[in-house]
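A.B. asks: sharing a sequence plus its predicted fold:
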Amino acid sequence: MSWLRISLTAFAISAALPVHAQTLTITTAGGDYGNAMKEAMWGPAAKELGYDVREETQSDGLASLKMQVTSGAIATDIIHLGSPEGAQAAAQSLLEPLDYKIIDPKSVPEGAASDYCYPFDSYGTVLSWNTKTYGENPPKTWAEFWDVAKFPGRRALRANAQDSIEIALLSDGVAPADVYSVLSTPEGLERAINRLEAIKPDVAVWWTSGAQSAQLLKDGEADLVVTWNGRAETVKKDGGAADYTFKGSVIGTDCLGVPKGAPNKEAAMKLIAAMTQPARVAKLTDFIAYGPVNPAAYEGGLIPEDRLKTLATAPENAGTSVFSNSEWWVKNGEAAQQAFDEMMAR
Amino acid sequence: MTVTVDPALLADARRERRFFLSLSLPALFIVGLAAILPILWIIRQSFLTTGGEYTIGNYAKVLSSGLTWSALATTLELSLGTLAICILLGTPLALALASARPRVANLLMAFVMLPLWTAILVRTYGWLVLLRRDGLINAALTGSGLTAEHLPLVYNFTGTLIGMVHYMLPLFLLPVYAAMRDIDPNLVRASASMGATLGQVIRTVIMPLSAGGIFSGSVIVLIYSIGFFITPAVLGGGKVNPLSTRIERALSTFQDWGSASVLGILLLVLMALIGVMLLAARRLLAQNAVAASHA
């Protein structure tokens, strides 16, 4: 009889204790970025929820996601992707729909919203210039970037339709909110391409990597460079004769998704909601200059004043910038790139 | 009269042949694994849609695109341009090397080979330092007053060609140098003693005898140049787009393995065509030489 009493007691005790911790796996890009996300975002969130979170790192998130889902061996519950990859993954049914009962839908501005991959931080494609060439009076809008009479100088753009056709339309007077509706018409795309063709004679370099764009800016090989804000900021900080503006930037985002058939779907949604709380995405900027997508992160002084200047989504830039529309690109990217490449070959 | 051969000897010969064949098996295996299988895979891929169904749509799409043909034209311009400059620069250099004293020749050869031992990316970025707007060459040109304006030396066709020639010249030089060094110096002496001028010696003795080396060098230059990617990507400034950059675009921007495979096959066909054409030209020349020597 005693063994029964003991086992019953043991059973009662184990029932009274919390069930063993929920285990989750998150896949990030690793490196400094991955560490920043751990320190600022999922580390504290996991502690709060009492989850036991394991981290995997993967440089090509989409490829690994596709492999996991198609093979049925899903090893991760949350995956960190660039929003364009997120949209591609969604189009290929590789992601679970986000549970907006758990995640606050109001935490994402309209232009950035996604049903499958939750955008949490951002970077901008910005206009940067050589301060030696232009001194106190640089071109600060895309219309001025295109004005080669008033601002002579060698331009450098990315050899890719992405972001280029958006800024081409902005330079032509299209309002930020209308960029994708204009681009969705054949005339609109043609208008953007013609605009790029008009500036082509003044484009010294069409760059193919972010590092290259920074080099062009730093060396003064080009006077006006379309580049990513992190690259422009690095050149500026390293003492290069360069500055940049977020006005009219095209904002790209990174997002969190849950693989189709992930083992701990609901816990994953909860962790996404917790790790992207305003204070946590604000904290991420302590480590890396990727601006929170959630506008609430900019309230209450969560982010120091002087850092706001380095963040694409800072409130003072709102209204002039455009969120890159990943779904548009998944649908129309090939046609847009084709038109862009044909323009380049002419 | 019939010769009877000892059947034991015949069996020995057969065994020996089999043994030598089996010695080449590991090499054949590697070639099969590293070259033939991937090519077969690419051929299969070129007939597949992204969904994995068989189609000829990829071919229709790639071959009907004007971009493919302009990329093909750029590829040919780059390769033939590189070859022309290699022949112009490399042949006299090989001649100088072959006629130099061995110690001088070895030293010069070391200089020629030096770039071969440097990684292509390092070399390509090295050219950027030299050729860019505020680079060493432009600084020297404008500083000395030779030119008033910076010359557009890089981020265009010129820069790409410079980078490609730099890479290919040693590879062209080696077979040409080898062929020229093998020429019997007595032939040169004989022709000179019969009153041939230097020009005549080069034209009638040295060039015909080193034609084989020049052909081999040309084949190497063309085959390599057709597939160049890094040099046009870095030094072309986005304006020089051969077939290799179209392949990269198809893969990295569109994840379109079908189109990329078709473009890859196009490159293979181009290489095969050039190989066949050069071989035919070589045979024709050889026949002419034989005919001439019999005349």
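C.D. replies: Perfect, I can see it now.

A.B. asks: neighbours of the residue lying closest to B:Val154 once chain neighbours are set aside, how many?
C.D. replies: The shortest distance from B:Val154 to any non-neighbouring residue, by Cβ to Cβ, 6 or more residues apart in numbering or on different chains, is to B:Leu131 (3.8 Å). Glycine gets a C-beta too; all of them are placed from N, C-alpha and C. B:Leu131: 22 surrounding residues under other Cβ atoms under 10 Å in any protein chain shown.

A.B. asks: can you pull the domain assignment for the chain?
C.D. replies: The chain I'm using is chain A. A:19-122+A:253-317, A:124-251+A:324-345 (automatic domain parsing).

A.B. asks: can you look at chain B instead?
C.D. replies: Here the domain parsing of chain B from automatic domain parsing is B:1-46, B:56-294.

A.B. asks: ranking those domains by burial, who's on top?
C.D. replies: domain B:56-294 (a mean of 17; mean count of other Cβ atoms under 10 Å in any protein chain shown).

A.B. asks: what's the pLDDT at the residue in the stretch 101-250 of chain A positioned nearest to chain B?
C.D. replies: Closest approach between the stretch 101-250 of chain A and chain B, counting by Cβ to the nearest Cβ: A:Trp206, at 2.5 Å. pLDDT for A:Trp206: 95.

A.B. asks: quick check: phi and psi on it?
C.D. replies: Backbone torsions of A:Trp206, given as degrees, to the nearest 10, read phi -100, psi 110.

A.B. asks: how about it, nearest residue that isn't a chain neighbour?
C.D. replies: Leaving aside its sequence neighbours, A:Trp206 sits nearest to B:Gly238 (Cβ to Cβ, 6+ apart; 2.5 Å).

A.B. asks: ok, the residue nearest to B:Val154 touching B:His150?
C.D. replies: No: assessed by Cβ atoms under 8 Å, B:Leu131 is found out of contact with B:His150, at 10.4 Å.

A.B. asks: intersection of neighbour lists for the two?
C.D. replies: B:Asn138 (Cβ atoms under 8 Å, 6 or more residues apart in numbering or on different chains).

A.B. asks: host element of whichever residue of chain B sits closest to chain A?
C.D. replies: Closest to chain A within chain B is B:Gly238: 2.5 Å, counting by Cβ to the nearest Cβ. Under the criterion DSSP states H and E, no helix or strand holds B:Gly238.

A.B. asks: so for the residue of the stretch 1-150 of chain A found nearest chain B, what's the pLDDT?
C.D. replies: For the stretch 1-150 of chain A, the residue closest to chain B is A:Gln88, as judged by Cβ to the nearest Cβ, at 7.8 Å. Looking at A:Gln88, its pLDDT is 90.

A.B. asks: equivalent analysis for A:Lys200, please.
C.D. replies: pLDDT, A:Lys200: 96.

A.B. asks: and for it, nearest residue in space, chain neighbours not counted?
C.D. replies: A:Met343 (7.4 Å).

A.B. asks: got it, and B:Phe215?
C.D. replies: B:Phe215 sits nearest to B:Arg282 (Cβ to Cβ, 6+ apart), 5.1 Å away.

A.B. asks: now do A:Ala273
C.D. replies: Nearest residue to A:Ala273 in three dimensions, chain neighbours excluded: A:Ile103, at 4.5 Å (Cβ to Cβ, 6+ apart).

A.B. asks: distance of that neighbour from A:Glu96?
C.D. replies: 12 Å (Cβ to Cβ, to the nearest Å).

A.B. asks: do the same with B:Leu97
C.D. replies: Taken as Cβ to Cβ, the span from B:Leu97 to A:Glu96 is 67 Å.

A.B. asks: now the helix or strand where B:Pro175 lies: how far from the chain's centre is it?
C.D. replies: Using DSSP H and E, B:Pro175 falls within helix B:157-181. How far helix B:157-181 lies from its chain's middle: 9 Å, per Cα atoms, centre = their mean, to the nearest Å.

A.B. asks: what packs against the helix or strand following it?
C.D. replies: Next along the chain after helix B:157-181, taking DSSP H and E as the criterion, comes helix B:185-193. Secondary-structure packing of helix B:185-193 (3 or more Cβ pairs under 8 Å, 6 or more residues apart in numbering or on different chains; DSSP states H and E): helix B:198-201.

A.B. asks: after the helix it packs on comes which helix or strand?
C.D. replies: The helix or strand immediately downstream of helix B:198-201 is helix B:207-226, counting by DSSP H and E.

A.B. asks: least confident secondary structure element in chain B?
C.D. replies: helix B:257-294 (a mean of 84; mean pLDDT, DSSP states H and E).

A.B. asks: quick one, that helix and helix B:207-226 angle?
C.D. replies: Angular relation of helix B:257-294 and helix B:207-226 on a 0 to 180 degree scale: 180 degrees, by axes from the mean of the first three to the mean of the last three Cα atoms, to 10 degrees.

A.B. asks: and helix B:257-294, how far from the chain's centre?
C.D. replies: 12 Å.

A.B. asks: from the contact counts, what lies against it?
C.D. replies: In terms of contacts (3+ Cβ pairs under 8 Å, 6+ apart), helix B:257-294 is packed against helix B:37-46, helix B:57-63, helix B:66-99, helix B:207-226, helix B:243-252.

A.B. asks: Provide the contact partners of the first one at residue level.
C.D. replies: Pointing back at helix B:37-46 there. Here helix B:37-46 has contacts from B:58-59, B:257-258, B:261-262, B:264-265, B:268, using Cβ under 8 Å, 6+ apart.

A.B. asks: and which of those is nearest A:Ala112?
C.D. replies: Closest approach to A:Ala112 among the contacts of helix B:37-46 (Cβ to Cβ): B:Trp257, at 30.5 Å.

A.B. asks: return the residues of the stretch 151-300 of chain A in contact with chain B.
C.D. replies: A:154, A:159-160, A:204-208, A:212, A:219-221 (Cβ under 8 Å from any Cβ of the partner chain).

A.B. asks: from those, which land in strands?
C.D. replies: A:204-207 (DSSP state E).

A.B. asks: among those, which two are most distant?
C.D. replies: Greatest spatial distance in these: A:Ala204 and A:Trp207, 10.0 Å, computed using Cβ to Cβ.

A.B. asks: which residues are in contact with both of those two?
C.D. replies: A:156, B:237.

A.B. asks: hang on, the earlier thing: export the contacts of helix B:37-46 to JSON lines and tack on distance to A:Gly300?
C.D. replies: Below are the contacts of helix B:37-46 laid out as JSON lines (distance: Cβ to Cβ, whole Å):
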{"residue": "B:Asn58", "distance to A:Gly300": "55"}
{"residue": "B:Tyr59", "distance to A:Gly300": "60"}
{"residue": "B:Trp257", "distance to A:Gly300": "49"}
{"residue": "B:Gly258", "distance to A:Gly300": "52"}
{"residue": "B:Ser261", "distance to A:Gly300": "55"}
{"residue": "B:Val262", "distance to A:Gly300": "56"}
{"residue": "B:Gly264", "distance to A:Gly300": "56"}
{"residue": "B:Ile265", "distance to A:Gly300": "60"}
{"residue": "B:Leu268", "distance to A:Gly300": "62"}
